[in-house]
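S.K.: here are the coordinates; sequence isn't available:
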């Protein structure tokens, strides 16, 4: 069974600075998807960024980018120029051949003014 | 815009009651999921369905059942609610080539 580990239960960052959230996973599969989801306080969970394992290039979406290290089974999220609206719970997730999503326990990120 | 609608945002039920949580989608996605979210535990999969009348157990199915009579609707049933089922419940839809889309969540309190 796949497992996803987020080792930072909480993090904080100053507005406009950069922060990196860590995620590691364990799988024996070679083709899979990795995701970062964001859940703002009392709001819906939404996708931040996704990465296909067969793509070597790291995914980027505006201020959000990932560092995907397949051999190390690491998938960290970097948020540049942090904004107050980035305050949220962030979940790393894995999807393999059975199409089920496995989530980490989440990292609560607080952006301070 | 993708719409995944859960029937209630907040729900308070008594111990022993039968509870129905409804989820409706407008995207014609085959795959639908029910998760439970608890602080410090992340999201845990209760049940999922790949098609109408089809269901599979997730990681924590005990105390729950599901129903999918139509493609757009996936119901989670608590046969006899207990206080340890107090939680946030999230419905999600997905295709194999897309990310998951989530409902707004139902915060259930069992007293």
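M.R.: Sure thing, it's come through. This one's a predicted model, so the numbers in the text were calculated from it and none came from an experiment.

S.K.: what does chain A have sitting close to chain B?
M.R.: A:6, A:9, A:35, A:37, A:43-47, A:50, A:91, A:93, A:99-106 (Cβ under 8 Å from any Cβ of the partner chain). In short, each C-beta sits where N, CA and C put it, glycine included.

S.K.: Now the buried members of those residues.
M.R.: By neighbour count, with 16 or more other Cβ atoms under 10 Å in any protein chain shown, those hold A:6, A:35, A:37, A:45, A:47, A:50, A:91, A:93, A:100-106 as buried.

S.K.: And these, which is closest to residue B:106?
M.R.: residue A:45 (13.2 Å; Cβ to Cβ).

S.K.: How many neighbouring residues does residue 32 have?
M.R.: Picked chain A for this. Neighbour count for residue A:32, taken as other Cβ atoms under 10 Å in any protein chain shown: 17.

S.K.: That was the other one, I meant chain B.
M.R.: So residue B:32, with other Cβ under 10 Å, has 27 neighbours.

S.K.: Equivalent analysis for residue A:41, please.
M.R.: Count around residue A:41 with other Cβ under 10 Å applied: 8.

S.K.: any idea how far it is from residue B:49?
M.R.: Using Cβ to Cβ, to the nearest Å, one gets 30 Å for the distance from residue A:41 to residue B:49.

S.K.: Across the sheet, point out what pairs with the residue most central in space within chain A.
M.R.: Central residue of chain A (Cα atoms, centre = their mean): residue A:36, 3.4 Å from the mean position. Residue A:36 forms beta bridges with residue A:49, residue A:92, as assigned by DSSP bridges.

S.K.: for it, what are its contacts?
M.R.: A:21, A:23, A:47-50, A:64, A:66, A:75, A:77, A:90-93 (Cβ atoms under 8 Å, 6 or more residues apart in numbering or on different chains).

S.K.: Dump these into TSV; add pLDDT as well.
M.R.: Listed next are the contacts of residue A:36 as TSV, based on pLDDT from 0 to 100:
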residue	pLDDT
A:21	98
A:23	98
A:47	94
A:48	96
A:49	95
A:50	94
A:64	97
A:66	97
A:75	97
A:77	98
A:90	98
A:91	97
A:92	97
A:93	95
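
S.K.: Cross-check the contact I'm expecting between residue A:102 and residue A:94.
M.R.: Yes. Residue A:102 lies in contact with residue A:94 (Cβ atoms under 8 Å); the separation is 4.8 Å.
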